[in-house]
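Novice: Predicted model and sequence follow; I will ask about them next.
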Amino acid sequence: MRNLYLPSTTLAAFIVISACGGNDETTDPFEAALPDTQVLTLELPAPASLSQDLTEGEVGSTTAALVGEPADFYTSTYYQARTINLFGRGVLETLDAITDFPPSARTATIAVWGPFRADREPNEFQLVVEARESPTPHFVWYLAGRPVSGGDFVGLAGGAYEPTGDNEADDGEEYGRGWFAIDFDQVAGLNPAEEARGVVAYAFGKSEEGVAVRVVAQNANQTPDTVAYAYGENTEGFGYILFAFEDDIHDGEDGQDADEGLVVRTRWLPDGRGRADVLAVHGDLGDGFVQVSQCWDDTFVSRYEALVANGLTLGQDGDVSACVFDGEWPSEEELPEGEDLASPFASDTPVGG
């Protein structure tokens, strides 16, 4: 399967931790305004036998493995999902590092960190966090930057976070839900080395039932230019990964150059057994469809594979009884949509909203 797009930035324009200086950590209550980075920790079963080069993102050109070999559809979705979750976690870790230090200014409801910058950094940054009580208690944050030479601050990223329940489980896990977006057009205005454009938006939550993450990445410089991603896992260890995007599965051969709608769906049981399906519809397929499926055991070895077009099985290998899930189309609840990324506090999301 093709490698899916995520902006390659390391958030260099945001990594201003060294500018905070010293180790004067604070217990300022505004630290609670930002979610625990564990919310975006990927905890799905890891295929321990996989080689190190896959952890570097070299998973884009895999093809269906043979039955009896490692299940590469799981490998591909695992590492791409991990990359997306770690990217979002990196944003939260940056904010967490900033708020470890005393704010530059604060009132009862607003705290400001900055302006600050790293040594010889040509830009300076400012983080604003505001506590709001309506319609429910929540926090809004806004990260902005500008050249040191002067000018107005421009919004680079922003979002909202709502602690839920008592905000902490008996085991110390934090519960809450949040939303944020990064505007790479604005980032590129301060950091010319940034190649990404468009917006990456996240919605995430953690509760006593489990973890859910939704992401939509839009970048006109990449193919596909829009990728939707969803990840969910309940506390028992049942989970799924979903990618949705448009791409040309025929690569333009024989004049078939229309983009098809593609969904890559991976599901697993607590013991690691699972199934992945790649489904293609529309485009040059018209009213038809193509589906490639792979099922694996608890050692992540492929036990069944099939290629189906318009309901006709063109090829299969292995034992279908090894599949612990059926190959149906994902539900509307699983498919990430644009509204999943919108904060319910509509005016709180300053970019990407």
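Specialist: Okay, I see it. Numbering: from 1, shown residues only.
Novice: Helices of the stretch 151-300 of the chain, start to end?
Specialist: Under the criterion DSSP state H, counting those that start in this stretch, the stretch 151-300 of the chain contains helices at 184-190.
Novice: Any stretches of it with poor pLDDT?
Specialist: Scanning the stretch 151-300 of the chain for pLDDT under 70 picks out 165-173, 220-222.
Novice: Do you have the strands of it handy? List them.
Specialist: Taking DSSP state E, counting those that start in this stretch as the criterion, the stretch 151-300 of the chain carries its strands at 154-163, 176-183, 199-207, 210-218, 226-234, 239-247, 260-268, 274-281, 289-296.
Novice: Can you point out the buried residues in the fifth one?
Specialist: Think strand 226-234. When neighbours are counted by 16 or more other Cβ atoms under 10 Å, the buried residues of strand 226-234 are found to be 226-233. Heads up, the C-betas are built off the backbone N, CA and C, glycines and all.
Novice: Against which helices or strands is it packed?
Specialist: The criterion is 3 or more Cβ pairs under 8 Å, 6 or more residues apart in numbering; DSSP states H and E, and the helices and strands that strand 226-234 contacts are helix 72-98, strand 210-218, strand 239-247.
Novice: try 10 Å
Specialist: Under the contact criterion of 3 or more Cβ pairs under 10 Å, 6 or more residues apart in numbering; DSSP states H and E, the helices and strands touching strand 226-234 comprise helix 72-98, strand 199-207, strand 210-218, strand 239-247, strand 260-268.
Novice: want to try JSON lines for the strands of the stretch 151-300 of the chain, with distance to Glu93 as columns?
Specialist: Listed next are the strands of the stretch 151-300 of the chain as JSON lines, based on distance: least, Cβ to Cβ, whole Å:
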{"stretch": "strand 154-163", "distance to Glu93": "13"}
{"stretch": "strand 176-183", "distance to Glu93": "13"}
{"stretch": "strand 199-207", "distance to Glu93": "14"}
{"stretch": "strand 210-218", "distance to Glu93": "16"}
{"stretch": "strand 226-234", "distance to Glu93": "18"}
{"stretch": "strand 239-247", "distance to Glu93": "22"}
{"stretch": "strand 260-268", "distance to Glu93": "26"}
{"stretch": "strand 274-281", "distance to Glu93": "29"}
{"stretch": "strand 289-296", "distance to Glu93": "32"}
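Novice: Determine which of these approaches Ala309 most closely.
Specialist: Go through the strands of the stretch 151-300 of the chain one by one with Cβ to Cβ and the one that ends up closest to Ala309 is strand 289-296, at 5.0 Å.
Novice: angle of the closest one against helix 72-98?
Specialist: Using axes from the mean of the first three to the mean of the last three Cα atoms, to 10 degrees, the inter-axis angle of strand 289-296 relative to helix 72-98 is 80 degrees.
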